[in-house]
Every structure is written in structure tokens, then in C-alpha cells.
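Trainee: task: produce atomic coordinates for the following.
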Amino acid sequence: MIGARNALVCGPQPTRPYNARLRLTRLNLMPQIRKLPAIDGQLGWFETSSARHLTAGQRLQGHHSFDYAVVGAGFTGVALARRLAELHPQARIALVEALDVGQGASGRNAGFIIDVPHNVDGGEADAGANRQLHALNLFAIERLRALKDRHGIDCDWQDAGKYMAAHETRHIDALEQFSQGLTQAGFAHERFDGAELAQRLGTAYYKAAIYTPGNVLVNPASLVRGLAAALPETVTLFTGSPVTAWHASSPHVLQSSSGSIRADKLVLTVGSFSETFGKVRNRLAPVFTYASLTEPLTQTEAGLFDGVVPWGATSAHPAGTTVRYTPDRRIFVRNTFHYRAGLHASDADLRKALRQHRMSFEARFPLLAAKPFAYTWGGMISMTLNHHSVFRQEAPNLYSVVGCNGVGVAKGTYLGHYMAEHMAGIGSPALDFIVANSQPGWMPPDPFRRIGAALQLRQALVGAGGEI
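Mentor: Numbers count the residues shown, from 1 in each chain. All right, here's what the predicted structure looks like:
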């Protein structure tokens, strides 16, 4: 059951008068946005979501005026719109999504809500920063948990923890460094090896793993759809409404195929599509990764996991495979990385990824070799050189939040929340830390960025070896 509403419809809201002459002048001057979000493959989390068939928002039709507009209804945009509504209860807020809620990057990830930073590596100088990141992640987890409980969001929420696992002996050193960093920062963790680890996971593929207990596993599409359904009534959700042109001024004007929005303040939470809006240039690398999800295991197949509780494992190598055993007895596999300047994965990309998924799956679960995948899809990660996000004001009344670097459920949630506070002039130590750590490094433009990314990805894949 999702929220207090019977469907994912936020609005409609009455609009302020719109100056038609102003609108026509603005639209004639607006640059066109050429690259638009698309559905890359069969989106397994969305297709298996209990909220899939509920109506999400409404298509943007006609001409509307708002106090605030947020583009992008992922975890960042939804959190931002919610916090704006809490801080400004009389304000009218538009949340605009090109696809359906849960079909974008927020519904295509592995469904980990990470508490412990991925880059904990034993560096003593970073222990303090890791503790601050951990506190922000816990803030996001508890805020999401409270909303999930309050609104009855069915998203397969599990306080399952997370395994960071190694197959090859040469990668166990990375686990030991990770353990050292966890110890220095004061984070709880356990190490499991050999037969004990195999009993926990239902596979003997991994030699060792570090388990951290604070991670949460979810169906991410169900969670973000539930959060969108539970937005305050002052937020109007527009879905299936890609922004095709815009004019950045005062006020800002967004144009879709069948309508437009005039907003006093605008926030872009559109990932690597930021450059199509002419913002955040030379800071992001659009990297596609791919996932596959099986149908539920049969009773006989599930017998291989007798006594195994659902789990999620990331790899000891950054380019390795992420695996989950889900509450509905499916196997999830994610790996393979491509730089895609076109912001779209081709059918050839998906076929190549599927072949790799099959090999990775059969290596880990040889007794399930005949089990087919039901869904395969691509999802984009907005990467920065130093893993800093973009969190800034671009121009008067114009802001960007982007670059979650593959940990967007927690990070997007707290970045969206604190951007609303930043816009409202509410200071805090947490906000100061976010601003100080939102200085992404410069990247060269294409073709140099493409060439450099391709070389780095190829080198990473070679180094990962059996972790893939």
C-alpha cells in the first residue's frame, strides 16, 4: 500500500496568471535540448514493482506558473521538492520528470542504500571525513525509513547489511585495507571466509568478504515511486514531460511538447543531462553500467539457498560484479561499463552486457546455469574525477545538484534535502561539509574525455579479473 493517496498523482494545482506575450517572447528565444532521457532495455526493478501500475503524476499540458520548479524526479529531486514544501508551506512547487517515476537512474541502480563510504581505504587522514559522510548517509537512511513507515511504502526494505567480497586472492588485500579504514573510523564490521561465507551467500565463489551491517537493500523503483506518491499537496508532479527547451532568466521558463512552466526559482537534478541544459560543463563523465534480473527461483532452485537470507554483495575491485539475492528469490547481477556521450545505451551494448552477465552468473551459481534472465537494462552513473558532487548556484535563482557517483539513493536524498536548506539560507555543519566537498575536478571535453574514459575503463576491467 503506497502512502495516504490511492495513486501517484500529485496535484493538479491552481496556477497563477501567465503572461502570454511574455511566454511567446521567451519561447522564441529558447535553445532546444537535443538529448532526452530514454528507456534503455527492460527495467527489471520497475517492471517488478508493486507500484508499477499506479498512475504517476500528470503530463504537462498548458501553461503554468510556480514559485519553484525542480527538474528530475529521482531521489535528489523528490527529496528537494519535499524539503522545499516543508520550509515554504505556502509555495507552489513543480517537479518535472521526463519518463515515469522510477524509470530513470533512481530506479535502475542496484538498490543499495549505502551507509559506509565506498572509498574507506585505511587512510588515517580521511577517517574524520568518512565519519561525516557516514553521518550524512545515516541521516538519509533514517529519513527514508521514516517516510517508508509513515506512508506504507512497499519497497522490499531490508536492513540486510552489505558484503564486500573477493574471489581472487590478489584482491583480498583490498578487503584488508577496507577493514583497516573501517576500524580507524570506528565502523562496525565482520570478516567471513571460505565455508562460512559460502553458507551465508549460497555460493562458494568468493574466498573472503567484509560485512558491514548498516546498509539497506530495496527495490529502488518502488521506493522512489512511493516517495513521489507521498509528496505534500503543494507539489505538482509532471511525468512523461521531457523538457525540450528552456530559457534561464527571471523568471525561468521550461518548455515541453504540450506545455510550459514559468518558475521564479529552478533546480536541475538531471544527472549527466546537465550539459544538455548548458550547465556543469567538463565536470561529469556519463558512464553506463548494466544489470540483469532473473525470474523468481522455483521451489527446487530456491532449495540451493536453504537457510540463506536475502543479501547484497559489491566487489573488492571497483570494476567487479555486484550481486543480490532478493526477497522474492531472484538473482540480480550488475557489471560492464561504457562511456556514452550520447546518454543512451544501444541494443548492441545491452546484448554485450547480457553475455557478460550470463558468464558472471554461471560462475557464481553453476547449478542454476539454465536459469534465464527476465530483464536486462542499462543505467547511467554521473561520475566526477574526485567523487565530489556538483552542489551549487549557477546563476540568480538557478541551482544544480548532480554527480552522485553511483551511491545516489542515500547521497541524492541528503543532497536534495540540504540544497533546499541552502536555498532558504539555513546554515549547518552538515551543509558546510557538503559545500566544502562539492568541488568536482575539471575534465577535458570530447573527444579527449571519451578517449580517457575508455582507457581507464578498459584498464579497470583488466585489473578486476575474476571479480567480474
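
Trainee: in the stretch 101-250 of the chain, where is pLDDT below threshold?
Mentor: Applying pLDDT under 70 to the stretch 101-250 of the chain flags the ranges 120-125.

Trainee: now do the helices in it.
Mentor: Applying DSSP state H, counting those that start in this stretch to the stretch 101-250 of the chain gives helices spanning 127-151, 172-185, 194-201, 220-229.

Trainee: and those helices as JSON lines, adding mean neighbour count?
Mentor: (Each C-beta comes from the backbone N, C-alpha and C, glycine too.) Converted to JSON lines, the helices of the stretch 101-250 of the chain look like this (neighbours: other CB atoms under 10 Å):
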{"stretch": "helix 127-151", "mean neighbour count": "17"}
{"stretch": "helix 172-185", "mean neighbour count": "18"}
{"stretch": "helix 194-201", "mean neighbour count": "15"}
{"stretch": "helix 220-229", "mean neighbour count": "30"}
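
Trainee: dump those into TSV; add distance to Val270 as well.
Mentor: What follows is the helices of the stretch 101-250 of the chain, written out as TSV (distance: least, CB to CB, whole Å):
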stretch	distance to Val270
helix 127-151	20
helix 172-185	32
helix 194-201	37
helix 220-229	15
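
Trainee: quick one: closest of those to His344.
Mentor: Closest of the helices of the stretch 101-250 of the chain to His344 is helix 220-229, at 19.4 Å (criterion: CB to CB).

Trainee: about what we covered before: what's the closest of the helices of the stretch 101-250 of the chain to Ile39?
Mentor: Between the helices of the stretch 101-250 of the chain, helix 220-229 lies closest to Ile39; by CB to CB that is 12.2 Å.

Trainee: could you list the domains of this protein?
Mentor: 20-108+221-281+389-442, 156-217+285-385+452-467 (automatic domain parsing).

Trainee: looking at those domains, which one is packed in the most?
Mentor: domain 20-108+221-281+389-442 (a mean of 21; mean count of other CB atoms under 10 Å).

Trainee: do you know which of the domains of the chain lies nearest Arg150?
Mentor: domain 20-108+221-281+389-442 (7.5 Å).

Trainee: any idea how far the closest one is from the chain center?
Mentor: 13 Å (CA atoms, centre = their mean, to the nearest Å).

Trainee: relative to His118, which of the domains of the chain is closest?
Mentor: It is, among the domains of the chain and with distance given as CB to CB, domain 20-108+221-281+389-442, at 6.5 Å.

Trainee: ok so, going back, dump the domains of the chain into CSV; add distance to Arg150 as well.
Mentor: Output for those, formatted as CSV (distance: least, CB to CB, whole Å):
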stretch, distance to Arg150
domain 20-108+221-281+389-442, 8
domain 156-217+285-385+452-467, 13
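
Trainee: re the thing from before, out of the helices of the stretch 101-250 of the chain, nearest to Tyr325?
Mentor: helix 194-201 (7.5 Å).

Trainee: ok, Ile261 touching Val71?
Mentor: No - between Ile261 and Val71 there is no contact under CB atoms under 8 Å: 9.3 Å.

Trainee: quick one: common contacting residues for these two?
Mentor: 96, 254 (CB atoms under 8 Å, 6 or more residues apart in numbering).

Trainee: sorry, back to before: the helices of the stretch 101-250 of the chain: which one's closest to Ile426?
Mentor: So among the helices of the stretch 101-250 of the chain, helix 127-151 is nearest, using CB to CB, at 14.8 Å.

Trainee: of the helices of the stretch 101-250 of the chain, which is nearest Arg329?
Mentor: Going by CB to CB, the one of the helices of the stretch 101-250 of the chain nearest Arg329 is helix 194-201, 14.2 Å.

Trainee: elements contacting that closest one?
Mentor: Helices and strands touching helix 194-201, by 3 or more CB pairs under 8 Å, 6 or more residues apart in numbering; DSSP states H and E, are strand 162-166, strand 208-212, strand 311-315.

Trainee: hmm, 10 Å instead?
Mentor: strand 162-166, strand 190-193, strand 208-212, strand 311-315 (3 or more CB pairs under 10 Å, 6 or more residues apart in numbering; DSSP states H and E).

Trainee: do you know which of the helices of the stretch 101-250 of the chain lies nearest Ser272?
Mentor: helix 220-229 (18.1 Å).

Trainee: okay, angle between that closest one and helix 127-151 too, please.
Mentor: Angle, helix 220-229 to helix 127-151, by axes from the mean of the first three to the mean of the last three CA atoms, to 10 degrees: 70 degrees.

Trainee: dump helix 220-229 to CSV, restricted to CA.
Mentor: Presented in CSV, the C-alpha positions along helix 220-229 are these (Å, rounded to 0.1, in the frame of the first residue of the first chain):
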residue,chain,number,x,y,z
PRO,A,220,14.7,1.3,-5.8
ALA,A,221,11.9,1.9,-8.3
SER,A,222,9.3,1.0,-5.7
LEU,A,223,10.9,3.3,-3.1
VAL,A,224,11.2,6.4,-5.3
ARG,A,225,7.7,5.9,-6.6
GLY,A,226,6.4,5.7,-3.1
LEU,A,227,8.2,8.8,-2.1
ALA,A,228,6.8,10.7,-5.0
ALA,A,229,3.3,9.5,-4.1
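
Trainee: Three-state assignment for the residue lying closest to Pro251 once chain neighbours are set aside, please.
Mentor: The shortest distance from Pro251 to any non-neighbouring residue, by CB to CB, 6 or more residues apart in numbering, is to Arg262 (4.9 Å). Assigned by DSSP: H, G, I helix; E, B strand; the rest coil, the conformation of Arg262 is strand.
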